[in-house]
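1. Could you work out the structure for the sequence below:
(chains A and B)
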Amino acid sequence: SAVISQKPSRDICQRGTSLTIQCQVDSQVTMMFWYRQQPGQSLTLIATANQGSEATYESGFVIDKFPISRPNLTFSTLTVSNMSPEDSSIYLCSVLPYWVAGGGETQYFGPGTRLLVL
Amino acid sequence: AQSVAQPEDQVNVAEGNPLTVKCTYSVSGNPYLFWYVQYPNRGLQFLLKYITGDNLVKGSYGFEAEFNKSQTSFHLKKPSALVSDSALYFCAVRAGSNYQLIWGAGTKLIIKP
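-> Reported below is the predicted structural model:
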């Protein structure tokens, strides 16, 4: 398994500002992901953070709004830019410790960052 | 299109009774099925998974799940529910060479004393 920490755990921000969320893993992992979750709802994948290259974004998410960095195999950041109240959500970092084509590997999650935009 | 269905938004069970949280899936190829639990104000915790082999999979906290290929189901079960099992449960599936998980909508499990 992997132990994942996120900072900050929660924040209240003003509209128009930006917040950077950090994700730290206790071991090197192959893949890192960023999800968004409304409380009590399912998960929506924002992007896959690729080490040493640009992130791969899902439909409906763009780099200008959610820039992502992944400088090494244990760390990634997600920035929520020019925030609006609609960005209020839980942001979850997730990792696949390793990947072999086949699909049985377990994905692990960080504790989440609870963001409220006023 | 690949999908996961959790037909019940909420399941209510009395403490000590058996519980079942339902999950059905639709994928092309062999499915890899997962259950996660989310306690209030927490991240998702992995409970168990089915890859291959025995259709009955045992996981954390006394939970188990049965893979049924003909019914394309992977229901989560526990013989005797605890109040502390109250949480949000997610079923997810991965198929083929795509690493992405397809998520169900989640089922809120409420265990009453």
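2. how about the strands of the chain, start to end?
-> The chain I'm using is chain A. A:4-7, A:10-13, A:19-25, A:31-37, A:43-49, A:56-57, A:68-69, A:75-80, A:89-96, A:108-109, A:113-117 (DSSP state E).
3. oops, chain B please
-> Listed in chain order (using DSSP E), the strands of chain B are B:3-5, B:10-14, B:19-21, B:24-26, B:31-38, B:44-50, B:56-58, B:64-68, B:73-78, B:87-95, B:102-103, B:107-112.
4. Could you spell out the sheet neighbours of the first one, each with its direction?
-> On the basis of DSSP bridges, the sheet neighbours of strand B:3-5 come out as strand B:24-26 (antiparallel).
5. hmm, back to that, which one of the strands of chain A lies nearest to chain B?
-> Shortest separation from chain B across the strands of chain A is recorded for strand A:108-109, at 4.2 Å, computed as Cβ to the nearest Cβ. The C-beta positions use only the backbone N, C-alpha and C, and glycine is treated the same way.
6. Wondering if that closest one reaches chain B at all.
-> Yes. With Cβ under 8 Å from any Cβ of the partner chain as the threshold, strand A:108-109 lies in contact with chain B, specifically through A:108, A:109.
7. For chain A, which residues are neighbours of chain B?
-> Where proximity means Cβ under 8 Å from any Cβ, the interface of chain A facing chain B comprises A:1, A:4, A:31, A:40-43, A:45, A:92, A:94, A:96, A:99, A:101-104, A:106-112, A:114.
8. in chain A, which segments are predicted with low confidence?
-> A:100-102 (pLDDT under 70).
9. 50 - rerun?
-> Within chain A, no range satisfies pLDDT under 50.
10. Burial check on residue 6, number of neighbours?
-> The chain I'm using is chain A. Under the neighbour criterion other Cβ atoms under 10 Å in any protein chain shown, residue A:6 is assigned a count of 19.
11. nope, chain B
-> Residue B:6 is flanked by 20 other residues according to other Cβ under 10 Å.
12. from what I can see it touches residue B:103, true?
-> No. In this structure, residue B:6 is not within contact of residue B:103 by Cβ atoms under 8 Å, at 9.2 Å.
13. residues bridging contact with these two, i.e. touching both?
-> Contact criterion Cβ atoms under 8 Å, 6 or more residues apart in numbering or on different chains; residues shared by residue B:6 and residue B:103: B:90, B:91.
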